[in-house]
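1. quick one: sequence plus predicted model below, questions after.
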Amino acid sequence: MPLRIEDYALIGDTQTAALVGRDGSIDWLCLPRFDSPSCFAALLGGPEHGRWLISPAGGIKRITRKYLGNSLVLATEFETASGTVRVVDCMPPRGQEPDLVRTVEGVSGEVAMHMELIIRFDYGSIVPWVQKADSVLWAIGGPDALSLYTPIKTRGADLRTKADFVVKAGERVPFLLIWHPSHEPIPKPIDALAAPAETQAWWEEWAARCCYKGPWREQVIRSLITLKALTYGPTGGIVAAPTTSLPEQIGGVRNWDYRFCWLRDATFTLGALMGAGFTDEATAWRNWLLRAVAGDPEDLQIMYGAQGERRLTEMDLNWLPGYEGSHPVRVGNAAVHQFQLDVYGEIMDALHVARVSKIAPDPAAWALQTHLMRALETKWREPDEGIWEVRGPKRHFTHSKLMAWVAFDRAIASSEEFGLEGPVDKWRRIRQEIHDEICRVAYDLKRGAFVQSYGSSELDASILTMPQLGFLPATDPRVIGTVEAIERELTWEGFVQRYAMHQGSAEVDGLPPGEGAFLLCSFWLADCYALMQRYDDAERLFERLAGLTNDVGLLSEQYDPDSGRMLGNFPQAFSHVGLINTAIRLERRGQPPATPRSA
């Protein structure tokens, strides 16, 4: 039986990442970057598809783990009948190649340990050729190579590399795994024994820049570290998650590749970074955004690769059965070809937030924005696939129209506040036209709530963003009615679903129904409570959500209240962005509720 999603912790070097299980296994390792096909994939298939286990040979009585300080250095402690041992895992800040360091430390007594390394490239499909050269074990498969350095004697058996050894109190045994292109010489090893302390110091120095001093500082810092870990350092892009195809329902088909950068994440991510004082990362993310979307607005995509790549072709990996039998296992994401109107609003909002936050201006930004606005003058009337990337028919989604309104609103604000030239009078007319249409067509008088799409009777949690974005104040009766309807119909044990999951939902998104509560939507509800000055309700919900983090402070995309399990790709940037933004909003509870810019 595989570990639960919440049984994993994240380590990374801001270019790639690995998931470390409570049992001492590394079951997911992207090499050399987040979306690389050269990776361990045991989560999606089983140990035979790639895994690295270091743990006591038997008799484990208790397992505890934690990150060392405000870092991404993970310490897992195993208590056995004969003694206690600690495995410390980290990926030092990237040099030329990615390094994965595992150090076994004797805490008390002596413990018999077992190491088993199963190297498989290309999502478990390639069994490499393995040989020994002096003190290094060298594995080659196609373009990829891994080198293992350790003083422990290893042996090959069953297409695996194994070792058995004993660790006594005070002893430290290093293991170093390095990826490099197979046509290049074996790289020189770093000092594996010094790496954990050096890596911890690097993260501690970075985390010390956090300016949030509120009551949830520990959770906020852990979420910020997670966002930093999901940043592709060379470009500033932030991937949605380091994994692919972890299911939104165990055994289901909603298994997507999230190792890409979504434009809609931009506004929320910028707000989270700026609100906590991380201007360098916010600037890098803004610059990535400008590079990624540069070009003809007709070619605007909803997502890009970490370096700004545009070809993200989706395919199924049929040799992998998927996490707990959840298949297909997908790499790439066909949603890249969808038309999602909301991305125009997200780009305009993100760049406006950047200016307001006094990020150093980019002269090309406004030219790009006005180019996008010209395209949006007609595109806002078109149906689209919406924020949830439905694979059903296009619709006039309310959230999409809301974000079109945001685009014109932020264009007007940027022009007025920063003296930027543009057809402001035209933008005002279109903004008002969109506002009137949403209030007339998307509001259901009988239900007293805004609905998912024009002519629909379904609710949608994305409309909870309406008061945050300034379209209507949170105290407007129509917003209050929408919140109350979502509380009645879209909450599951107090947590929020994206939209109603029933048989009819297949007509909305083209897929069989079934998924967990969506954590970001639940944070949005807490935000609405705060804006409505229902502070007790907001804090109560926030505390429940923060309480869903696993033992090392990480959140997945979704949560199943019935089974108490995390679901979806992990850790999920959007969930941590929601935690940061809601914590900051609650800290500033003395501020008045937001009011619409278009009043």
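-> Arrived safely.
2. where does the protein dip in pLDDT?
-> By pLDDT under 70, the low-scoring segments of the chain are 501-509, 590-599.
3. can you map out the strands along the stretch 351-500 of the chain?
-> Residue ranges of the strands in the stretch 351-500 of the chain, as given by DSSP state E, counting those that start in this stretch, are 443-444, 449-450, 491-492, 495-496.
4. point out the most buried one among those strands.
-> Ranked by mean neighbour count, these are led by strand 449-450 with a mean of 26 (mean count of other CB atoms under 10 Å). All C-beta atoms are positioned from the backbone trio N, CA, C, and that covers glycine.
5. contacting residues around that strand?
-> When contacts are defined by CB atoms under 8 Å, 6 or more residues apart in numbering, strand 449-450 is touched by residues 398, 438, 442-444, 459, 463, 466, 478, 481-482, 484-486.
6. again, 10 Å this time
-> The contact list for strand 449-450 (CB atoms under 10 Å, 6 or more residues apart in numbering) reads 398-399, 402, 438-439, 442-444, 457, 459-460, 462-464, 466, 471-472, 478-486, 488-489.
7. ok, longest helix in this protein?
-> In the chain, taking DSSP state H as the definition, the longest helix is helix 398-418.
8. so which bits of that one are buried?
-> For helix 398-418, the neighbour count (16 or more other CB atoms under 10 Å) marks 398-415 as buried.
9. ok, then the element right after the helix or strand Val166 falls within?
-> Assigned by DSSP states H and E, Val166 falls within strand 160-168. Downstream of strand 160-168, the first helix or strand assigned by DSSP H and E is strand 172-181.
10. elements contacting the next helix or strand after that following strand?
-> Remark: after strand 172-181, the chain's next helix or strand is helix 195-207, criterion DSSP H and E. Applying 3 or more CB pairs under 10 Å, 6 or more residues apart in numbering; DSSP states H and E, one finds that helix 195-207 contacts strand 74-80, strand 83-90, strand 99-118, strand 172-181, helix 217-229.
11. what strands flank the third one, and is each parallel or antiparallel?
-> This means strand 99-118. Paired neighbours of strand 99-118 in the sheet (DSSP bridges): strand 51-56 (antiparallel), strand 83-90 (antiparallel), strand 160-168 (antiparallel), strand 172-181 (antiparallel).
12. how far off centre is the last one?
-> So that's strand 172-181. Here strand 172-181 shows a centroid-to-chain-centroid distance of 27 Å under the convention CA atoms, centre = their mean, to the nearest Å.
13. can you give me the buried ones in it?
-> Buried, per 16+ other CB under 10 Å, within strand 172-181: Val173, Pro174, Phe175, Leu176, Leu177, Ile178, Trp179, His180.
14. helices along the stretch 351-500 of the chain, start to end?
-> Counting by DSSP state H, counting those that start in this stretch, the segments of the stretch 351-500 of the chain that form helices are 363-379, 398-418, 424-441, 466-469, 477-489.
15. what helices and strands are in contact with the second one?
-> In this case it means helix 398-418. helix 265-275, helix 342-356, helix 363-379, helix 424-441, strand 449-450, helix 466-469.
16. so Met532 sits right up against Thr475, yeah?
-> Yes - taking contacts as CB atoms under 10 Å, Met532 lies within contact range of Thr475: 6.5 Å.
17. between these two, which is the more surrounded one?
-> Taking other CB atoms under 10 Å, Met532 and Thr475 do not tie; Met532 has more neighbours (19 against 14).
18. residue contacts, the more buried one?
-> By CB under 10 Å, 6+ apart, Met532 lies in contact with Pro467, Pro473, Ala474, Thr475, Asp476, Val479, Ile480, Val483, Ala538, Pro593.
19. on the three-state scheme, Thr64 is what?
-> strand (DSSP: H, G, I helix; E, B strand; the rest coil).
20. now for the nearest residue to it once chain neighbours are set aside, how many residues are close by?
-> Of all residues not flanking Thr64 in the chain, Glu77 sits nearest, at 4.9 Å (CB to CB, 6 or more residues apart in numbering). Neighbour count for Glu77, taken as other CB under 10 Å: 16.
21. only the buried residues of stretch 66-73, if you could.
-> Buried residues in stretch 66-73, counting neighbours by 16+ other CB under 10 Å, are found at Tyr67, Leu68, Asn70, Ser71, Leu72, Val73.
22. now that stretch - C-alpha only, PDB.
-> This file holds the C-alpha atoms of stretch 66-73, laid out as PDB (Å, rounded to 0.1, in the frame of the first residue of the first chain):
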ATOM      1  CA  LYS A  66      10.500  18.000  11.000                       C
ATOM      2  CA  TYR A  67      12.200  20.700   9.000                       C
ATOM      3  CA  LEU A  68      15.300  22.100  10.700                       C
ATOM      4  CA  GLY A  69      14.400  25.700  11.500                       C
ATOM      5  CA  ASN A  70      13.000  27.800   8.700                       C
ATOM      6  CA  SER A  71      14.600  25.700   6.000                       C
ATOM      7  CA  LEU A  72      14.000  23.000   3.500                       C
ATOM      8  CA  VAL A  73      16.300  20.500   5.300                       C
END
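23. please pick the buried ones from the contacts of strand 449-450.
-> Looks like the contacts of strand 449-450 have 398-399, 402, 438, 442-444, 459-460, 462-464, 466, 471-472, 478-483, 485-486 buried, using 16+ other CB under 10 Å.
24. may I see the helices and strands packed on helix 398-418 arranged in JSON lines, with distance to Asp23 as well?
-> Shown next, in JSON lines, are the helices and strands packed on helix 398-418 (distance: least, CB to CB, whole Å):
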{"stretch": "helix 265-275", "distance to Asp23": "32"}
{"stretch": "helix 342-356", "distance to Asp23": "40"}
{"stretch": "helix 363-379", "distance to Asp23": "48"}
{"stretch": "helix 424-441", "distance to Asp23": "51"}
{"stretch": "strand 449-450", "distance to Asp23": "47"}
{"stretch": "helix 466-469", "distance to Asp23": "41"}
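25. so which of the ones you listed is nearest Leu555?
-> helix 265-275 (13.4 Å; CB to CB).
26. buried sites along the following helix or strand past that closest one?
-> Next in sequence after helix 265-275, counting helices and strands by DSSP H and E, comes helix 279-293. For helix 279-293, the neighbour count (16+ other CB under 10 Å) marks 279, 281-293 as buried.
27. what's around Ala18, how many residues?
-> When neighbours are defined as other CB under 10 Å, Ala18 has 27 of them.
28. phi first, then psi, for it.
-> Dihedral angles of Ala18 (phi, psi; degrees, to the nearest 10) stand at phi -140, psi 150.
29. partners of the residue nearest to Thr64 in the sheet?
-> For Glu77, the beta-bridge partners under DSSP bridges are Thr64, Arg86.
30. so who does it touch?
-> Glu77 touches Arg62, Ile63, Thr64, Arg65, Lys66, Thr84, Val85, Arg86, Val87, Val88, Glu105, Val107, counting by CB under 10 Å, 6+ apart.
31. distance check, the second one against Thr80.
-> As judged by CB to CB, to the nearest Å, Ile63 and Thr80 stand 10 Å apart.
32. ok, those two, which is more surrounded?
-> Between Ile63 and Thr80, Thr80 has the larger neighbour count (other CB under 10 Å), namely 21 against 16.
33. look up how far Pro174 lies from that one.
-> The spacing between Thr80 and Pro174, counted by CB to CB, is 21 Å.
34. Gly236: what's it in contact with?
-> Neighbours of Gly236 in contact, by CB under 10 Å, 6+ apart: 261, 280-289, 291, 306.
35. please identify which of the residues you listed is nearest to Arg222.
-> Using CB to CB, Glu281 comes nearest to Arg222 of these, at 15.7 Å.
36. excluding chain neighbours, what is closest to the closest one?
-> Distances taken as CB to CB, 6+ apart put Leu273 closest to Glu281, at 5.1 Å, once the chain neighbours are dropped.
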